[in-house]
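K.L.:
Give the three-dimensional model of this entry:
(one chain, ligands or ions: 3)
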Amino acid sequence: MHISFLEISTKLPKASPLLFLIGEDKKFPQALMALDKKAGGIMARAIADSKFAGKKKQFLSVPGIQGCGHISLIGIGKPADFKKLDALNLGGMLVDKINVLGVKTATLVLDLPKTGNINLIETATKIGFGAQLKSYRFNKYHTKQKAENKPTFESFTIAMKGAKNAIAAYKHFNSLAEGIYLARNLITEPANVLYPKAFANECKKLAKLGIKIKVLGEAEMKKLGMNSLLGVGQGSVRESQLVVMQWSGISSKIKGQKIEPLAFVGKGVCFDTGGISIKPASGMGMMKRDMAGAAAVTGLLYSLAKRKAKINVVGVIGLVENMPDGDAIRPGDILHSMSGQTIEVLNTDAEGRLVLADALWYAQTNFKPRLVIDLATLTGAIVTALGTSRAGLFSNDDKLANQIFEAGKKSGEEVWRLPLAEVYDKQINSEIADVQNLGSDSEAGSIVAAQFLQRFIKPGTPWAHLDIAGMAWSKKELDTCPKGATAYGIQLLDKLISEYYERK
Ligand code: BES
Ligand code: MN
Ligand code: ZN
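P.N.:
Numbers count the residues shown, from 1 in each chain. Ligands and ions are numbered 1, 2, ... in the order given. Model prediction:
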């Protein structure tokens, strides 16, 4: 989807459909009033003859208007209550409506009534961003798609006063959308196409944006003692990989003081069969998405580099395939992690934490980051607890946790914090090793998993863990995402960075 912003002159652009936003007061913007007058009051009559009341998500389209073709009205609810996220969702919603009309282009005349806490530029960019997010498609494997099923909408113009400023402001969102598209593609690709080396090859392409890429294969990881991560990939014929991506948008020294990077660590299990503790067949196919954390880290790095963000960030992703095999790890096996701690594997399906243990340790020892945030489709239990509207947040640092919570509310990618505590930590003491990868009671599965990760966080390092198992994929159409991969986390972390960490 191509998004553009056009300065409104005295004349309206010659385009069809022309879209207008209408509040519950049903007041017409000036331009629409003039148009409607010329057309003999057809829009006013159309409203009177329909259910359209300017409510959120309402849409009314009238074709065949002389001189301008199609006019569509989009409800925004009470103008005084209209917020940034409403604008984002409205942008997404109108994509489906325009596709139903079957046209390639549409022009929104943004002549806004007085709205709540959002200005014209923000409204314009958020609507454009929502439309771009919602128009994502993954259809490279459909060889026989019927023309009538293909979406038509390709180019969206927002006509407004101050278009120049909107164009400048939109650069950020365009980079973000490209990063999100990249992550959604990675998540959607099946595991026979996107195995660890193939994923690493996709990461290497980010070098063209100025990202420094390092890829470690099994031999290098073996040397570093990353046997926890390697253990998970041991049953697969596909070689495990660790990808390190570095974006340096500012000098690492300010007034002689060293500024350490932020670190993002992602779980990249390209396919999770469960291993020897094999999963049931139903739904196993979903486990090609078990690398959504790694995909979000990759997409985030992409978008930061693309918009030349003034921040230093490192992304570390552990890429493996969890397969049952003669060589695979067994329940009861003990692994020596890079941190020196030994791990008793009680269930080979609790593999994400094994991958993260070494990836987290690698990130901390190599970069001494200011903070570490990991993203992982870690537990089914988080879906039971929080469903599909919030990711689980765990943190050893209240300030960081609050920042993530606020960034969640602002970006619309929300989180909910769950506790970490001694009583849960006790559950992973092993009888035979330092730690075990399963709780002793089958309770509080998501918290126990987070406690396991915390065993691999160095004291004094602010750390947050996002369990995104319920968020990485949507079975339903969402306002700003078609069914399928969401790339959850990128908007959240971009907001966190731009709001609290990026140099202005
Ligand atoms: N990848 C799964 C978690 C998952 C479940 C992600 C559903 C997305 C949707 C993870 O590796 C896993 O298998 N977790 C186990 C942990 C258990 C063995 C302690 C689970 O949640 O059942
Ligand atoms: Mn698993
Ligand atoms: Zn998994």
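
K.L.:
Could you give the residue of the stretch 301-450 of the chain that lies closest to ligand 1?
P.N.:
Here the residue of the stretch 301-450 of the chain nearest ligand 1 is residue 380; by CB to the nearest ligand atom that distance is 3.3 Å. In this view, the C-beta of every residue, glycine as well, is placed from N, C-alpha and C.

K.L.:
Would you agree that residue is in contact with residue 467?
P.N.:
No - between residue 380 and residue 467 there is no contact, the gap being 10.1 Å when judged by CB atoms under 8 Å.

K.L.:
Count residues in the vicinity of the residue of the stretch 301-450 of the chain closest to ligand 1, would you?
P.N.:
The number of residues packed near residue 380 is 15, by other CB atoms under 10 Å.

K.L.:
again with residue 22
P.N.:
Under the criterion other CB under 10 Å, the count of neighbours that residue 22 has is 24.

K.L.:
Roughly how far does residue 232 sit from residue 271?
P.N.:
11 Å (CB to CB, to the nearest Å).

K.L.:
Compare neighbour counts for these two and give me the winner.
P.N.:
Comparing residue 232 with residue 271 by neighbour count (other CB under 10 Å), the higher total belongs to residue 232, at 30 against 23.

K.L.:
can you list residues touching both of residue 232 and residue 271?
P.N.:
Counting by CB atoms under 8 Å, 6 or more residues apart in numbering, the shared contacts of residue 232 and residue 271 are residue 322.

K.L.:
I'd like to know the predicted local confidence at whichever residue of the stretch 1-150 of the chain sits closest to ligand 1, please.
P.N.:
Nearest residue of the stretch 1-150 of the chain to ligand 1, counting by CB to the nearest ligand atom: residue 138, 19.0 Å away. The predicted local confidence for residue 138 comes out at a pLDDT of 96.

K.L.:
where does this structure come near ligand 1, residue by residue?
P.N.:
Taking CB under 6 Å from any ligand atom as the contact definition, the chain meets ligand 1 at 272, 290, 347, 349-352, 377-381, 383, 438, 445, 469.

K.L.:
which ones among those are found in helices?
P.N.:
Those of these mapping onto helices are 352, 380-381, 383, 445, per DSSP state H.

K.L.:
follow-up on the earlier one: neighbours of the closest residue to the residue of the stretch 301-450 of the chain closest to ligand 1 other than its chain neighbours, just the number please.
P.N.:
With CB to CB, 6 or more residues apart in numbering as the measure, residue 469 is the residue that lies nearest to residue 380, at 6.4 Å, once sequence neighbours are left out. Taking other CB under 10 Å as the criterion, the count of residues near residue 469 is 27.

K.L.:
can you map out the helices along the stretch 301-450 of the chain?
P.N.:
Counting by DSSP state H, counting those that start in this stretch, the stretch 301-450 of the chain has helices at residues 352-367, 380-386, 398-411, 422-425, 445-454.

K.L.:
Show me the contact partners of the second one.
P.N.:
Same thing as helix 380-386. The contact list for helix 380-386, computed with CB under 8 Å, 6+ apart, reads 391-392, 416, 418, 444-446, 449, 467, 469-470.
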